[in-house]
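Undergrad: coords please:
(4 chains)
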Protein chains: 2
Amino acid sequence: MLSSEWNFGGAVNLEVGLQQAKSERARAAICDATIASLAAVGYAETSINRVAAIADFSKGAVQYHFPTKEDLIAATVDTLLLRTVQSRGAKPATVEEALLNAWQRFINTPAYRALMEVLNAARTDMALQQRISCELLDWGQKLDQQSLASYRAVSGNNDEVVMLLNMTRSFMRGLLLQEQYGVDAAATLDYVRKWIELIAPLLELKDNK
Amino acid sequence: MLSSEWNFGGAVNLEVGLQQAKSERARAAICDATIASLAAVGYAETSINRVAAIADFSKGAVQYHFPTKEDLIAATVDTLLLRTVQSRGAKPATVEEALLNAWQRFINTPAYRALMEVLNAARTDMALQQRISCELLDWGQKLDQQSLASYRAVSGNNDEVVMLLNMTRSFMRGLLLQEQYGVDAAATLDYVRKWIELIAPLLELKDNK
DNA sequence: AGAAAAAAAAGCCAGCCATAAGGTTTTTTT
DNA sequence: AAAAAAACCTTATGGCTGGCTTTTTTTTCT
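TA: Numbering: from 1, shown residues only, chains lettered A, B, ... in the order given. Model prediction:
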């Protein structure tokens, strides 16, 4: 009845009309559809037509909310980055468990695949790269902060924490690419475990947070 | 004058006519152009038009040699795989040097970027995946054999050699993806060195070969 | 009810892949 | 050596889809 009916979701939607709230939901649904499409068929095949079909909107509706494809992708990247940063699970007991969690609930997911599709496309699409580079830099810094907040290096060097975790993410990204050809999921998991085995001795969990 | 004029290049071209030799050269030039395009603008933007322009052929010529785009990509992948397998440089003295070489002369190259573009595209293009999966499997096995021929595990376990080198390749692939956004080449090289520092103690070079 | 926002529909242009119809060069046949 | 065949390459054409713009219809707000 009242517009406050929609206000419990996020802090952003306070005191907005029904119309704006609907618009918000439409935009979110369209971004979700874009993520699904990216993960399923990749960046090149993610057309406005396809996104509209998945989200069950008309092509025109998608283009009303996101005038150009670049707008759509940029907004979707925002959604993805925000989501991956704030996704927090149960607190792990060991470094090994924490890193395995990172693989299973952070990297090896449709959302992260979608993000990788965009990153790969942005390599050769300068306009897109310009558009999302700021958000990506912020995101990288946030990840580094999270690393420092959660881990301590045995050596005592903080830079090493950031470095090792960035390396871990790179490794896992590479694994995602390889999984297609010849290497099955079980072998991939072995690789992850071996990696963890190698670098876990260099890290300790921080208690706080 | 004689057709033998063309025979000193490769063992394949023995006793072939002038025309076939020309055809061979055309196909090679087209594949080279495809590799250049893949590295420069990515898979999606690599059209037959663009390849033809780079190779300085007409579109029809490209399509004469490679009737479909899939044929063109498959042939290009063959070229790439063959080239990366047989590229041998000076024999390195240490494990560290060998692994750094792998990064600088094998992974961090336009050719490998081109290959990654195709691999990424093949993830969501089942027809292409079917088409190149056999070659990729063979290639993976060849790489494993090369690993075993060049390295020995300190632990004595041969599987560990294969595993560590595959992990190294995954890690480096991931690094390639990341280099676009925020991480510069110097930092990337630091990561490579750090990783080498971690796993080199687990490996030894074999003298033979 | 009337204004504004949201959504849908229709049209436009460019680019892609693929095919087909010619012309030229090389090879084979006679 | 001349004619036929094959290989190679170019140009032109067509069907299709993508993204973008414009117009029309529906929904929502005051």
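
Undergrad: spatially, what comes nearest to A:I199 if we skip its sequence neighbours?
TA: Once flanking residues are discounted, A:I199 sits nearest to A:L164: 5.4 Å by C-beta to C-beta, 6 or more residues apart in numbering or on different chains. For every residue, glycine as well, the C-beta is placed using N, CA and C.

Undergrad: show me the contacts for that neighbour.
TA: A:A153, A:I199, A:L202, A:L203, B:K194 (C-beta atoms under 8 Å, 6 or more residues apart in numbering or on different chains).

Undergrad: between which two of those is the distance greatest?
TA: A:L203 and B:K194 (13.5 Å; C-beta to C-beta).

Undergrad: with neighbour numbers in mind, choose between these two.
TA: Neighbour count, other C-beta atoms under 10 Å in any protein chain shown: between A:L203 and B:K194, A:L203 has more, with 24 against 15.

Undergrad: you'd agree the more buried one is up against A:S155?
TA: No. Here A:L203 does not reach A:S155: they are 9.7 Å apart, not a contact under C-beta atoms under 8 Å.

Undergrad: with just CA atoms, put the helix or strand containing A:A75 into PDB.
TA: Under the criterion DSSP states H and E, the helix or strand holding A:A75 is helix A:69-86. Extracted in PDB, the C-alpha atoms of helix A:69-86 (Å, rounded to 0.1, in the frame of the first residue of the first chain):
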ATOM      1  CA  LYS A  69      25.200  -2.200 -24.500                       C
ATOM      2  CA  GLU A  70      28.100  -0.700 -22.800                       C
ATOM      3  CA  ASP A  71      25.800   0.800 -20.200                       C
ATOM      4  CA  LEU A  72      24.300  -2.600 -19.600                       C
ATOM      5  CA  ILE A  73      27.600  -4.300 -19.200                       C
ATOM      6  CA  ALA A  74      29.000  -1.600 -17.000                       C
ATOM      7  CA  ALA A  75      26.000  -1.800 -14.700                       C
ATOM      8  CA  THR A  76      26.300  -5.600 -14.700                       C
ATOM      9  CA  VAL A  77      29.900  -5.400 -13.700                       C
ATOM     10  CA  ASP A  78      29.000  -3.100 -10.800                       C
ATOM     11  CA  THR A  79      26.500  -5.600  -9.600                       C
ATOM     12  CA  LEU A  80      29.000  -8.400  -9.900                       C
ATOM     13  CA  LEU A  81      31.800  -6.600  -8.100                       C
ATOM     14  CA  LEU A  82      29.500  -5.500  -5.300                       C
ATOM     15  CA  ARG A  83      28.200  -9.000  -4.900                       C
ATOM     16  CA  THR A  84      31.500 -10.700  -4.800                       C
ATOM     17  CA  VAL A  85      32.900  -8.300  -2.300                       C
ATOM     18  CA  GLN A  86      30.100  -8.500   0.200                       C
END
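
Undergrad: who touches that helix?
TA: With C-beta under 8 Å, 6+ apart, helix A:69-86 has contacts from A:27-28, A:30-32, A:34-35, A:38, A:48, A:51, A:62, A:66, A:106, A:111-112, A:114-115, A:118, A:121, A:127-128, A:131-132, A:135-136, A:138-139, A:142-143, A:146.

Undergrad: swap in stretch A:153-162?
TA: A:D144, A:S147, A:L148, A:Y151, A:R152, A:L164, A:P201, A:L202, A:L203, A:E204.

Undergrad: for the closest residue in space to A:A200 that isn't next to it in sequence, what are its contacts?
TA: Excluding its sequence neighbours, the residue lying closest to A:A200 (C-beta to C-beta, 6+ apart) is A:V95, at 4.6 Å. When contacts are counted by C-beta under 8 Å, 6+ apart, A:V95 touches A:Y151, A:I196, A:A200, A:L203, A:E204, A:L205.

Undergrad: remind me which residues of chain A are low pLDDT?
TA: A:1-22, A:180, A:208-209 (pLDDT under 70).

Undergrad: A:E45: which element?
TA: Applying DSSP H and E, one finds A:E45 in no helix or strand.

Undergrad: count of neighbours near it?
TA: With other C-beta under 10 Å as criterion, A:E45 counts 15.
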